[in-house]
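Undergrad: Got a predicted structure here, sequence first:
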Amino acid sequence: MDYYALARKWRPRSFSQVVGQDHILQPLINSLDTGRVHHAFLFTGIRGVGKTTLARILAKSLNCEEGISSSPCGKCKNCLEINEGNYIDLIEVDAASRTGVDDTRDLLENAHYAPSHGRYKVYLIDEVHMFSLSSFNALLKTLEEPPPHVKFLLATTDPKKIPVTVLSRCLQFNLRRINPKIVAGYLSKILDEEHILFDPEALFAIAQASEGSMRDALSFLDQAINYSNGQITVSTAQIVLGSIDQKNLLILLNYLSQKNSQGLIKQIRELCSYSVDIYRIIRDLLHLLQQIALYQIDPNLIDKIVENEDFIALASRFTPEEIQLYYQIGLIGNRDLIYAPDPYMTFEMLLLRMLCFHPVEVTPDEKTLSYQSILSDSNLNEIVGVQEKEAVLVPREFSPSLLNNNHDWQKLISKLELSGISRQLAENCIFDHSEINSFYLKIAPTMVSLQRGKDRLQEVLSNHLNREVKIIIQTFNFSDNADTIATQKVKNQEIAKQTAIKAVENDENIQAICKIFDAQVLTENIKAVQESKFDS
């Protein structure tokens, strides 16, 4: 007999077999049982959570020979053909391979003809976000007013790429990532039916690695079955997933709690010698830190699968602040791993960073004083070994109160990614003063309309400084040549123009032309350009 992958063999055939999507099932079941079935459905969610599966079950419910129902018989000719994937009135399309407008027109050409066998002609378009804009436009009219015998079932992993004109014509159902406990429970049910022995810890590890995708979990399970010798163990799952045993991570954190750098390095290098997946290890480490944080709040909140004596003892050695700091360091390290020349070296540096840094309680007055002492003239050269004050790198988390003048404000604005009205606002303001979490700015009355960009400017500043800051803007009648970024730009442009005029007037070729043809230079038409444009 042909072997079917578990993801195909155990694909749900009815709504009752679908797991982890109860918030989707109830409205679908109600609409079918009451006969209020919309003509267009859009299923969204990550890969492997059941979008296409739900669409096929819905198509089966609409075309079952026993009538429209949320519980199709599964035995009639229509149901069997839909299960086998050869039902003529269920037109399945992969939008990723048919993105052109001509393909869409060909697809809809027969939409107005009655279905061959069933009650409805169902169009199931997978990854619909891959359609071109022209294809969406070709689909719109039929999607808005389809014939009474046509239903559209759309599925996508990226609904943001779908035009709002299409979204507004569909009932949208967002499928969630499936909880690891639900995934592990479903896997155990399958293995019981398949008569395969397993360790619950192994299934939980597979469920965690699947990241909410049931299809990924079933693929991992298939691989583990092929690798194992009749029983899926924790070690088998770890080999398949490229992960390590939790006790190894507990040993790492134990060395970290003891500030034992030698033991930490030795354990890291021993783990890396197994050719493990560093991405997976960092994610497992982050999960363990998260479980410790939850255990410190309430032991009943954690996944019981991770609880043991070593875990409980370790949770008592760390403060909540340390766990939060280590989690943040691990999160940033995982994000930057794609830029690393060597993932193993990066993992080692990540743990050393956890070893070196620890939270310290400092009062606001002490914090401001310490920052100011770093920037003081007396300590500047001693600390950084340079003569120029501008060479000091001030951490982003420093207090906004360190901005002392308008020049500091202008330097800060130059580092921000601003555009549109928020940039115009920042460039036309003069810095007045700042408090711990507030900036006080002044703006001319003629520029008051720019205050519409204040929220965006406030948001960007908060992100840059890693804290919530507030902007207070006051109107003030200052002179036209006030020291704002905007006026400086005008001055610089005027200086550049005057320089360009002098360059033109002093050019020997221009002088010769003026003399021969009795011509004169129109200085008002001269504009300064970048020198790079004349390099050729």
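TA: Alright, I've got the coordinates.
Undergrad: Mind pulling up the pLDDT for Arg215?
TA: With respect to pLDDT, Arg215 has a value of 94.
Undergrad: same question, Gly48
TA: At Gly48, pLDDT is 92.
Undergrad: my read: it touches Glu211, true?
TA: No. Using CB atoms under 8 Å, Gly48 is not in contact with Glu211, being 9.4 Å away. For glycine as for every other residue, the C-beta is placed from the backbone atoms N, C-alpha and C.
Undergrad: Check the spacing between Ile485 and Ala528 real quick.
TA: Here the criterion is CB to CB, to the nearest Å. By it, Ile485 lies 19 Å from Ala528.
Undergrad: what's the neighbour count on Gly45?
TA: Gly45 has 23 neighbouring residues, counting by other CB atoms under 10 Å.
Undergrad: tell me the contacts of it?
TA: Counting by CB atoms under 8 Å, 6 or more residues apart in numbering, Gly45 makes contact with 51, 157, 174-177.
Undergrad: give me that answer again for 7 Å
TA: Taking CB atoms under 7 Å, 6 or more residues apart in numbering, we find Gly45 in contact with 51, 174-176.
Undergrad: phi, psi of the most centrally placed residue in the chain?
TA: Central residue of the chain (CA atoms, centre = their mean): Arg335, 10.7 Å from the mean position. With angles defined as degrees, to the nearest 10, Arg335 sits at phi -70, psi -40.
Undergrad: Same question for Leu441.
TA: When read as degrees, to the nearest 10, the backbone of Leu441 gives phi -120, psi 160.
Undergrad: sorry, back to before: just the pLDDT at the residue nearest to the centre of the chain, thanks.
TA: Arg335 carries a pLDDT score of 87 in this model.
Undergrad: same deal with the one 3 residues further on?
TA: Confidence at Ile338, expressed as pLDDT, is 85.
Undergrad: Return the distance of it relative to Leu241.
TA: Counting by CB to CB, the gap from Ile338 to Leu241 is 20 Å.
Undergrad: on that earlier part again, quick one: buried ones out of the contacts of Gly45?
TA: With burial judged by 16 or more other CB atoms under 10 Å, the buried subset of the contacts of Gly45 is 51, 175.
Undergrad: want to throw the contacts of Gly45 into JSON lines with pLDDT, distance to Val93 and secondary structure?
TA: Formatted as JSON lines, the contacts of Gly45 follow (pLDDT from 0 to 100; distance: CB to CB, whole Å; DSSP: H, G, I helix; E, B strand; the rest coil):
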{"residue": "Lys51", "pLDDT": "94", "distance to Val93": "14", "secondary structure": "helix"}
{"residue": "Asn174", "pLDDT": "94", "distance to Val93": "22", "secondary structure": "strand"}
{"residue": "Leu175", "pLDDT": "94", "distance to Val93": "20", "secondary structure": "coil"}
{"residue": "Arg176", "pLDDT": "93", "distance to Val93": "25", "secondary structure": "coil"}
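Undergrad: Let me have the contacts of Gly45 in a markdown table, adding distance to Ser235 as columns.
TA: Formatted as a markdown table, those follow (distance: CB to CB, whole Å):
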| residue | distance to Ser235 |
| --- | --- |
| Lys51 | 34 |
| Asn174 | 37 |
| Leu175 | 33 |
| Arg176 | 31 |
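Undergrad: ok, the contacts of Gly45 vs Asn428, which is closest?
TA: The closest of the contacts of Gly45 to Asn428 turns out to be Asn174 (CB to CB; 42.4 Å).
Undergrad: contacting residues for that closest one?
TA: Each residue near Asn174 by CB under 7 Å, 6+ apart is listed here: 44-45.
Undergrad: and it, what are its bridge partners?
TA: Going by DSSP bridges, Asn174 is paired in beta bridges with Thr44.
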